[in-house]
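# build the 3D model from these lines:
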Amino acid sequence: MSKSFSKVVYDLNQFIYGESIHPVTLKNGLTIGGGQIYPELNFTLPSMSINADTMPEVLEQYKSIIEDACKRAVELSVPGFVAEIELLPQATYNPEWGIDITKVVREIMWHYEEKHQLKSALRLTPVDIREDLKSEHMWHGAYWDKVMTVFEKGALAGADLLSIESIGGKDVHDEAIMFCNMKQAIFGLGVLGCMDMSKLWSSITSIANKTGRVSAGDTACGFANTAMVLADKGYIPKVFSAIIRVLAAVRSLVAYEEGARGPHKDCGYEGVYIKAITGTPISMEGKSSACAHLSPLGNIAGAVADLWSNESVQNVKLLGGMAPTISMEQLAYDCRLMNTAKHSSFEDAIRLRDWMVESDSRFDPQAYVLRPDVVLRLSDKIVQGKTHFERSKIAANEAVNEIREAIKQDAVMVDDKELSWLDMIQNDIESISDDDDAFTQEMIETSTSGKFDPKKYDL
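Sure thing, here's the model as predicted:
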């Protein structure tokens, strides 16, 4: 670890939306986490081919999206916002396309800032193409180089915030979710994932520092959100998914150990743990992200958010207009309500936060582990671990204990058929060696994942 976090930095009455201990102020004066919550609009293309011939049309799509979104933001007197471009794979495999997209979007945002005083920031999120089976190594080679090129040239083209949904460890974690294997999940997130995050985020932070941009943070979307969607469909237990969410916090924290400053990216609901431990602002998504995926976290996700996001929406026509413009309106009204409560009085803000929490937390263990009081308790225990491996075991074990206690207190609804899973998961955790090298060797020898190649991690 380049930087160490050893305690939570909030008490419950300070842990609230729109307010972070270490706000991020950008060059244009937009401050995230400095007292109010802002929209973060995430958008993507409709179904279409992306190739050299269609790139002019692709760029026109992105121009149209951001033009209409900025226009609606001005009409609604939005004081500031963040736009996120989650590049589609082709625009990372071909870095020059991703850079052209970044330029055209940021130029329109700058125009609205100059003409209408609409302060904004652009988050650039390339796809982690290292998941490609042809990728020769996680930390060097053509695929690594393309991702780093998008970050560096994208920053120079106008991206303010650098983020990614990285995939280190996903090659074993996908199988862990499928078979609800907690040992394998800890190996994927707590060993491979943390190793990869350290390498990846030291490089991204170096690029951010060199270009004068902000190293913003990573999310375990491909891990914990995959589990959440499968749990929502009834394919895996919700208690397993809830524990994965807490476990994911250890992995995502590594970005901040390597110098990231936030705001943490929207699709990592584990961001609440990152905020509790680091004091950095976070972006979260809830009810307004139903355009991208369903979840049991519609209101509670906003309780301590500093940016409020829609996840990702295609540029398709709806009755009210184009979908990204509609998302901008929905986010703007949500943020307006939260900011009004906050400006009314601190007590009103806490009351609204607690209503958002209570409206969701008892209906699903995945929501319950996002309660601010639960987050602070579990975070305090997680940071007592001295290594990522130790913290991962603590996170999983303490999440089991927290859910058990909540069931006992009738504070969360858990299906009876899932209760036995808590025993199986805890037994799995207790069987893990305290020696991370021995554990790693055991997992390599027993891995049945056809995608996992230890050599790509220098193992």
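# and the helices in the stretch 51-200 of the chain?
Here the stretch 51-200 of the chain has its helices, by DSSP state H, counting those that start in this stretch, at 55-75, 90-93, 95-116, 142-156, 170-179, 182-186, 194-211.
# and those as CSV, adding mean neighbour count and distance to residue 373?
From N, CA and C alone the C-beta is placed, and that goes for glycine too. Listed next are the helices of the stretch 51-200 of the chain as CSV, based on neighbours: other CB atoms under 10 Å; distance: least, CB to CB, whole Å:
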stretch, mean neighbour count, distance to residue 373
helix 55-75, 18, 34
helix 90-93, 21, 39
helix 95-116, 19, 38
helix 142-156, 20, 37
helix 170-179, 21, 28
helix 182-186, 25, 25
helix 194-211, 20, 27
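# indicate which one of the ones you listed is closest to residue 331.
Proximity to residue 331 (CB to CB) singles out helix 55-75 among the helices of the stretch 51-200 of the chain, at 9.4 Å.
# the closest one vs helix 95-116, what angle?
30 degrees (axes from the mean of the first three to the mean of the last three CA atoms, to 10 degrees).
# what residues does helix 55-75 touch?
If you take CB atoms under 8 Å, 6 or more residues apart in numbering as the criterion, helix 55-75 is touched by 39, 41, 43, 45-46, 48, 50, 81, 83, 85, 97, 100-101, 104-105, 108-109, 112, 116, 118, 120, 315, 321-322, 324-325, 328-329, 332.
# on that earlier part again, redo the helices of the stretch 51-200 of the chain as CSV? Include mean pLDDT and distance to residue 301.
Shown next, in CSV, are the helices of the stretch 51-200 of the chain (pLDDT from 0 to 100; distance: least, CB to CB, whole Å):
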stretch, mean pLDDT, distance to residue 301
helix 55-75, 98, 21
helix 90-93, 98, 27
helix 95-116, 98, 25
helix 142-156, 98, 27
helix 170-179, 95, 21
helix 182-186, 97, 22
helix 194-211, 98, 23
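# for the ones you listed, which one sits closest to residue 306?
Across the helices of the stretch 51-200 of the chain, the minimum distance to residue 306, taken as CB to CB, is reached by helix 55-75, at 17.7 Å.
# give me the pLDDT value at the residue lying closest to residue 243 once chain neighbours are set aside.
Distance criterion CB to CB, 6 or more residues apart in numbering; nearest residue to residue 243, sequence neighbours excluded, is residue 399 at 4.5 Å. What the model reports for residue 399 is a pLDDT of 98.
# all strands for the stretch 151-300 of the chain, in order.
Assigned by DSSP state E, counting those that start in this stretch, the stretch 151-300 of the chain shows strands spanning 161-164, 214-218, 283-285.
# contacts for the first one?
Contact partners of strand 161-164, identified using CB under 8 Å, 6+ apart, comprise 82, 84, 121-126, 128, 147, 151, 154-155, 200, 204, 207-208, 213-219, 263, 265.
# pick the most deeply packed of the strands of the stretch 151-300 of the chain.
Neighbour counts (mean count of other CB atoms under 10 Å) averaged over each of the strands of the stretch 151-300 of the chain peak at strand 283-285, with a mean of 31.
# show me what that strand is packed against.
The contact analysis (3 or more CB pairs under 8 Å, 6 or more residues apart in numbering; DSSP states H and E) places strand 283-285 against helix 271-278, strand 307-309.
# return the backbone torsion pair for residue 168.
phi -60, psi 120 (degrees, to the nearest 10).
# name the nearest residue to it, sequence neighbours excluded.
residue 196 (2.3 Å).
# ok, the one you found - contacts?
Residue 196 neighbours (CB under 8 Å, 6+ apart): 138-139, 166, 168-169, 457.
# got it, and residue 24?
Counted by CB under 8 Å, 6+ apart, residue 24 has contacts 31-33, 214, 261-263, 280-281.
# which one is residue 231 nearest to, not counting chain neighbours?
Closest to residue 231 by CB to CB, 6+ apart is residue 241, at 3.8 Å.
# is it true that residue 39 lies in a strand?
Yes. Applying DSSP: H, G, I helix; E, B strand; the rest coil, one finds residue 39 inside a strand.
# and it, how many neighbours?
30 (other CB atoms under 10 Å).
# what sits against residue 268?
With CB under 8 Å, 6+ apart, residue 268 has these contacts: 217-221, 224, 248, 252, 274.
# same question, residue 306
17-20, 23, 32-33, 37-38, 263, 275, 281-283.
# for residue 411, same thing?
With CB under 8 Å, 6+ apart, residue 411 has these contacts: 361-362, 368.
# need these in CSV with pLDDT, neighbour count and distance to residue 387, can you?
Putting these into CSV (pLDDT from 0 to 100; neighbours: other CB atoms under 10 Å; distance: CB to CB, whole Å) gives the following:
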residue, pLDDT, neighbour count, distance to residue 387
361, 98, 26, 31
362, 97, 16, 34
368, 98, 27, 27
